[in-house]
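1. What follows is a predicted protein model with its sequence.
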Amino acid sequence: MTIVISGANGKLGRRVAELVLETVEPKRVVLVSRRPDDLASFAAAGVNVRFGDFDRPETLPKAFEGGDRLLLISTDSLGRRVAQHRTAISAAVAEGIGHIAYTSMVRPEPAHPSGLWAAEHRETETALRGDSGAGVAWTILRNGCYTEWELRGWTQAVQSGHLVSNGAAGRVTYVSRDDCAAVAAAVLTGNGHAGRIYEVTGPQALTRAEIVSLLGELSGRVLQVQEIGDETMIRAYEGAGIPEPFARLLTSIGEAVRAGYYEEVTSAVLDITGRPPRTVREVIMANRDVLAAPAN
């Protein structure tokens, strides 16, 4: 069996590759990237590293050649992702790949406040489940909010003494990127996952106030939540140089938090990998620079 991982140069893709290589021979692993030179260390270990660009369909037959299972990691090209993903799915099917796993988001429902973000994942899921061709198995990995995504903001909170939020009392079940990688690797190398949709979450649903309390406990500093409205949050993002459309998209995450879209706790990580997911505390302690603050 040969496993293909797209987007292999990203943090998730690299970690999935490392975990897959713990049980699969390098010659049975294919890493696809627009920047294959950045994966030289994998190539030196005997892994097949190939160029592939979802915006250039002609590059994909060679990229997916000989593959049996594909991890389709969602791209970061908002507004173009559905077309890119459909191109990748079609190419994979044409090359005889029999099982495609896709990294989606939790609850990409029509009413989701993020609009385009959820819609692109939802449309890709539909394409994979309905248009991927007879006999092609699929698995959808709906990854929750990565704890690691929040580390920069939490570092700033420790340094400033306040965490800016528009999530009110909403809860978020943060999940470690490493746990999401472990789930993906287990799906790629194991059996019994075809036709399954997994909501991949961490073990705790925390409010912003609880995050601040944890940061204060671990850093020894006094922190508070600074709750602001959506429009104020948008202006704050714009003031930091973020374009208005993306500022609104980022702000919509807080709206989704308030609406309860990120509060579900599942046992997917434990069920699929055999080990419990990492807590927010554990991730913070593994990245202790988050707790560093300039001297007064």
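-> Nice, I can see it.

2. For the rest of this, base every contact and every neighbour count on C-alpha atoms.
-> Noted.

3. What average pLDDT does stretch 254-265 get?
-> Per-residue pLDDT over stretch 254-265 has a mean of 96.

4. again, but for stretch 7-27
-> 98.

5. quick one: it to chain centroid distance?
-> The chain centroid and the centroid of stretch 7-27 are separated by 15 Å under CA atoms, centre = their mean, to the nearest Å.

6. Give me the buried positions along that stretch.
-> 7-9, 12-17, 19-21, 24, 26 (16 or more other CA atoms under 10 Å).

7. Endpoints of it, how far apart?
-> 18 Å (CA to CA, to the nearest Å).

8. for stretch 26-40, same thing?
-> 13 Å.

9. Which residues does it contact?
-> With CA atoms under 8 Å, 6 or more residues apart in numbering as the test, stretch 26-40 has contacts from 1-9, 17, 21, 45-53, 63-64, 67.

10. Can you flag the buried ones in the residues you listed?
-> Of the contacts of stretch 26-40, these count as buried by 16+ other CA under 10 Å: 2-9, 17, 21, 47-53, 63-64, 67.

11. hang on, residue 63 in a helix?
-> Yes. Applying DSSP: H, G, I helix; E, B strand; the rest coil, one finds residue 63 inside a helix.

12. isn't it right up against residue 51?
-> Yes. Using CA atoms under 8 Å, residue 63 is in contact with residue 51, at 6.2 Å.

13. Let's see which of the buried ones among the contacts of stretch 26-40 end up in strands.
-> Applying DSSP state E to the buried ones among the contacts of stretch 26-40, the entries found in strands are 3, 4, 5, 48, 49, 50, 51.

14. And the furthest pair within these?
-> Using CA to CA, those span at most 15.5 Å, a distance reached by 3 and 51.

15. Start from the N-terminal end of the stretch 101-250 of the chain and give the helices.
-> 116-131, 147-160, 177-189, 208-219, 230-239, 244-258 (DSSP state H, counting those that start in this stretch).

16. Give the other helices and strands that the longest one contacts.
-> When you say that, I think you mean helix 116-131. The elements that helix 116-131 packs onto, with contact taken as 3 or more CA pairs under 8 Å, 6 or more residues apart in numbering; DSSP states H and E, are helix 81-94, strand 99-105, strand 137-143.

17. What angle do strand 99-105 and the first one make with each other?
-> Calculated by axes from the mean of the first three to the mean of the last three CA atoms, to 10 degrees, helix 81-94 forms an angle of 170 degrees with strand 99-105.

18. Between the two ends of stretch 92-111, how far is it?
-> Rule used - CA to CA; the end-to-end distance of stretch 92-111 is 31 Å.

19. Only the buried residues of that stretch, if you could.
-> By 16+ other CA under 10 Å, the buried positions in stretch 92-111 come out as 92-93, 95, 97-108.

20. Including mean neighbour count, could the helices of the stretch 101-250 of the chain go into JSON lines?
-> As requested, these are arranged in JSON lines below (neighbours: other CA atoms under 10 Å):
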{"stretch": "helix 116-131", "mean neighbour count": "18"}
{"stretch": "helix 147-160", "mean neighbour count": "18"}
{"stretch": "helix 177-189", "mean neighbour count": "24"}
{"stretch": "helix 208-219", "mean neighbour count": "18"}
{"stretch": "helix 230-239", "mean neighbour count": "16"}
{"stretch": "helix 244-258", "mean neighbour count": "19"}
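
21. who wins for proximity to residue 264 among the ones you listed?
-> Nearest to residue 264 among the helices of the stretch 101-250 of the chain is helix 244-258 (10.9 Å), distances taken as CA to CA.

22. any idea how far the closest one is from the chain center?
-> 17 Å.

23. Stretch 80-88 now?
-> With CA atoms, centre = their mean as the basis, stretch 80-88 stands 17 Å off its chain's centre.

24. Show me what counts as buried in that stretch.
-> Here stretch 80-88 shows 81, 82, 84, 85, 86, 87, 88 as buried, counting by 16+ other CA under 10 Å.
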